[in-house]
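S.K.: Sequence and computational prediction follow.
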Amino acid sequence: MTDDAKLHRMIARAIRAPSSHNSQPWLFRPTESGIDLLADRTRALPVTDPEDRELTISCGCALFGLRVAAAAEGLGAAVTALPDGPGEERLAHLAFTGPAEPELRDLASLIDLRQTWRKAFTDDPMDKDVLTTLQEASAREGTWFAPLEGDAPREAAAKLVAEGDAAQWADPRWRRELAQWMHPRRAGDGLALPGLAVPVARMVVRRFDIGDGVAAHDADLADHSPLLAVLGTEGDTAADWLATGQALHHLLLLGVKAGLGASYLNQPIEVIHLRPRLQALTGQMGYPQILLRMGHAAMDQTPSPRRAVQDVLTEGPSSADASG
Ligand SMILES: Cc1cc2nc3c(=O)[nH]c(=O)nc-3n(C[C@H](O)[C@H](O)[C@H](O)COP(=O)(O)O)c2cc1C
């Protein structure tokens, strides 16, 4: 393995990855030849994400961050996905081997600049070349990135987002789960709110269905985003979810490079009966995994909190390296 300072720097970069509800459902285990990435299923979201699909996507984002971080340290990174099979805790083994990928190294400085931008975008249109770059990057990770273009598909998607919002907000179990992840910033995870606002916000979310207002707001955001696009995969297995996470983080970082922010409108994927209707708008084979809106944004919010590196490092029983 590499020295402690390098390891610390790499994990510090990897944990800046986005994750559903900022749940940070990952653990890192140094091994002889590299690092294991483990799922921390104690951080699962059983109501929003009963199959750990988004949990695995979030870990895929961290895996991509780790690849970028390795490249920044001059290390090559060979990924073995799901070395113990699907459903196991070890989602990937990253072996430090081969030459560092210069293209990934160049993304390292963007990791700290990326943030989920939930506000409106400026009206500046998306450059077509940037879209092509994002599509090529997602294809390299084994996924597709399909823009929803034209008024009819965009309006249809906005309606699905509103339907998804209404279904989720009407479900008290879903509201309770969301409330559990509303934390003061010092907690280091969750959807950070100012300390004073937390009890009130949690109480409102837990007790009241405010879905109508949220749905209208989200549908409006969907309709007024320079780019509305679905990231998807041919299959719908843990390997596809891990690939989705890597593609997602890759294209988010390329977006930052082009001055673009992004946020998520995943409701029509999380609400399972709406998923085929979103799929029908994409013109692709397979399964939608993430619905993103992208556009030019200031990206000047306070960064969302993360747990400390030592809290996501695990030693655990040393498993055989995936590389044998
Ligand atoms: C798989 C996945 C699903 C997400 N779903 C949503 C979502 O539905 N709505 C939303 O506002 N943010 C969503 N997010 C964004 C997270 O809330 C965000 O990454 C987290 O709060 C950390 O903030 P940051 O991205 O600014 O670092 C999602 C992120 C991931 C990786």
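M.R.: Yes, it's here.
S.K.: Would you mind pulling the contact partners of the helix or strand hosting residue 204?
M.R.: Using DSSP states H and E, residue 204 sits within helix 198-207. Applying Cβ atoms under 8 Å, 6 or more residues apart in numbering, the external contacts of helix 198-207 come out as 172, 175, 176, 178, 179, 182, 183, 184, 193, 210. C-beta coordinates here come from the backbone N, C-alpha and C atoms, glycine included.
S.K.: Also compute the angle for the host helix or strand of the second one relative to helix 198-207, please.
M.R.: I take that to be residue 175. For residue 175, the host element (DSSP H and E) is helix 172-180. Angle, helix 172-180 to helix 198-207, by axes from the mean of the first three to the mean of the last three Cα atoms, to 10 degrees: 170 degrees.
S.K.: show me the contacts for the residue of the chain found nearest the ligand.
M.R.: Of all residues in the chain, residue 18 sits closest to the ligand, at 2.9 Å by Cβ to the nearest ligand atom. Residue 18 makes contact with 58, 61, 114, 116, 248, 249, 252, according to Cβ under 8 Å, 6+ apart.
S.K.: Could you restrict these to the ones contacting the ligand?
M.R.: 58, 61, 116 (Cβ under 6 Å from any ligand atom).
S.K.: mean confidence for the helix holding residue 175?
M.R.: Helix 172-180 shows a mean pLDDT of 96.
S.K.: helices and strands around it, which ones?
M.R.: helix 151-169, helix 198-207 (3 or more Cβ pairs under 8 Å, 6 or more residues apart in numbering; DSSP states H and E).
S.K.: Of all the residues in that helix, which ones are buried?
M.R.: For helix 172-180, the neighbour count (16 or more other Cβ atoms under 10 Å) marks 174, 175, 177, 178, 179 as buried.
S.K.: and which of those residues is nearest residue 92?
M.R.: Checking these against residue 92 by Cβ to Cβ gives residue 177 as the nearest, at 26.5 Å.
S.K.: nearest residue to that closest one other than its sequence neighbours?
M.R.: Excluding the flanking residues, the one nearest residue 177 by Cβ to Cβ, 6 or more residues apart in numbering is residue 47, at 4.4 Å.
S.K.: Check residue 290 too.
M.R.: Using Cβ to Cβ, 6+ apart, the nearest residue to residue 290 is residue 231, at 4.3 Å.
S.K.: The one you found contacts residue 249, doesn't it?
M.R.: No. Checked against Cβ atoms under 8 Å, the pair residue 231 and residue 249 is beyond contact range at 10.9 Å.
S.K.: So for the two, which sits in the more crowded spot?
M.R.: When residue 231 and residue 249 are compared for neighbours, residue 249 comes out ahead with 30 against 24, by other Cβ atoms under 10 Å.
S.K.: That one and residue 61 touch, don't they?
M.R.: Yes. Counting by Cβ under 8 Å, residue 249 touches residue 61, with 4.1 Å between them.
S.K.: Find residues that contact each of those two.
M.R.: Shared contacts of residue 249 and residue 61, counting by Cβ under 8 Å, 6+ apart, come down to 17, 18.
S.K.: Residue 54 and residue 287: what is the separation?
M.R.: Going from residue 54 to residue 287 by Cβ to Cβ, to the nearest Å gives 13 Å.
S.K.: Which one's more surrounded, these two?
M.R.: Per other Cβ under 10 Å, whichever of residue 54 and residue 287 has more neighbours is residue 54, with 26 against 22.
S.K.: Nearest residue to the more buried one in space, ignoring adjacent ones along the chain?
M.R.: Closest to residue 54 by Cβ to Cβ, 6+ apart is residue 20, at 4.1 Å.
S.K.: for the one you found, phi and psi?
M.R.: phi -60, psi 130 (degrees, to the nearest 10).
S.K.: Residue 145 reaches residue 133, doesn't it?
M.R.: No. When contacts are counted by Cβ under 8 Å, residue 145 is not listed as touching residue 133 (10.3 Å).
S.K.: which one of these two has more residues nearby?
M.R.: Legend: neighbour count by other Cβ under 10 Å for residue 145 and residue 133, higher for residue 145 (24 against 16).
S.K.: got the angle between the longest strand along the chain and helix 151-169?
M.R.: Of all segments of type strand in the chain, defined using DSSP state E, the longest is strand 287-296. Counting by the same axes, to 10 degrees, strand 287-296 points 110 degrees away from the direction of helix 151-169.
S.K.: Quick one: distance of the helix or strand following strand 287-296 to the chain centre.
M.R.: Note on strand 287-296: by DSSP H and E, the next helix or strand toward the C-terminus is helix 309-312. Counting by Cα atoms, centre = their mean, to the nearest Å, helix 309-312 is centred 19 Å from the centre of its parent chain.
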